[in-house]
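Trainee: Structure, please.
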Amino acid sequence: MKAPVRSLLLTVLASSIAACQIPDTTMQNGAITLYGSKVVLRVLGSPKAAIEADGSLAIGDKDVAVTPAERNLLVQYNQSVRSVHETGVAMGKAGGEMALKAVEAKLEAKPDKADRQAQAGAGRMKKLSLDICKAEAGIKSAQDQLAAQLPAFKPYASIVSASDVANCAKDD
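Mentor: Numbering: from 1, shown residues only. Model (predicted):
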């Protein structure tokens, strides 16, 4: 009797975990989230907006008609958010590789090798952080153009500010 109950509990637990949607990336204090290839925007006082990879837009679960030019901007917005995610993953991998190489150099008792590897790793991390800043600037650019062309997008046009982009470049 215990085996069927255990099996049932495991099934319910697995289903519950699968039902939870955990974002791949969260930006701007949760205003931008990435779920697979879908970007979800949240702004206080407005329904959530979803931008698919193909440039389709839904606001409050209702599809919004867009022109081809607007669709291209929405694709750019989506791609820029996915670029931030992909670059963040690459940074995590690079950090892990740096740590592994540092441990190996320490075990080999080769401090010069560790220093060279640390410098190379720091250079890679700086390049990746600049890539994130470029993607954030791409989000801001698409956001501004969408706000000017697509009235339904205006509530979401202040998620990434000019100071966010400037600070990113300073912080790299």
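
Trainee: For burial, what's the neighbour tally of Gln76?
Mentor: Look at Gln76: counted by other C-beta atoms under 10 Å, it has 19 neighbours. The way it works is simple: take the backbone N, C-alpha and C, and place the C-beta from them, glycine included.

Trainee: need the contact list for it.
Mentor: 138, 141-142 (C-beta atoms under 8 Å, 6 or more residues apart in numbering).

Trainee: Then Asp144?
Mentor: If you count contacts by C-beta under 8 Å, 6+ apart, then Asp144 has Ala157 around it.

Trainee: among the contacts of Gln76, who's most crowded?
Mentor: Result: Ala142 is most packed of the contacts of Gln76 (other C-beta under 10 Å), 23 neighbours.

Trainee: The helix or strand hosting it: which residues count as buried?
Mentor: Using DSSP states H and E, Ala142 maps to helix 111-149. Of the residues in helix 111-149, those with enough neighbours to count as buried (16 or more other C-beta atoms under 10 Å) are 114, 117, 121, 124-125, 128-129, 131-143, 145-146.

Trainee: Pull the distance from it to the chain's centre.
Mentor: With C-alpha atoms, centre = their mean, to the nearest Å as the basis, helix 111-149 stands 13 Å off its chain's centre.

Trainee: and if you look at stretch 48-65?
Mentor: The mean C-alpha position of stretch 48-65 is separated from the chain mean by 18 Å, C-alpha atoms, centre = their mean.

Trainee: Average pLDDT for it, rounded please.
Mentor: For stretch 48-65, mean pLDDT rounds to 97.

Trainee: Provide a list of residues in contact with Ala135.
Mentor: Ala135 sits next to 80-81, 83-84, 87 when contact means C-beta under 8 Å, 6+ apart.

Trainee: Highest neighbour count among those residues?
Mentor: Counting by other C-beta under 10 Å, top hit in those: Val81 with 27 neighbours.

Trainee: just to revisit the earlier point, could you give me the buried positions within whichever helix or strand comes after the helix holding Ala142?
Mentor: For helix 111-149, the succeeding helix or strand toward the C-terminus, using DSSP H and E, is helix 162-171. Buried residues in helix 162-171, counted by 16+ other C-beta under 10 Å: 164-165, 168.

Trainee: Same question for stretch 41-54.
Mentor: Under 16+ other C-beta under 10 Å, the buried positions of stretch 41-54 are 41-42, 49-51.
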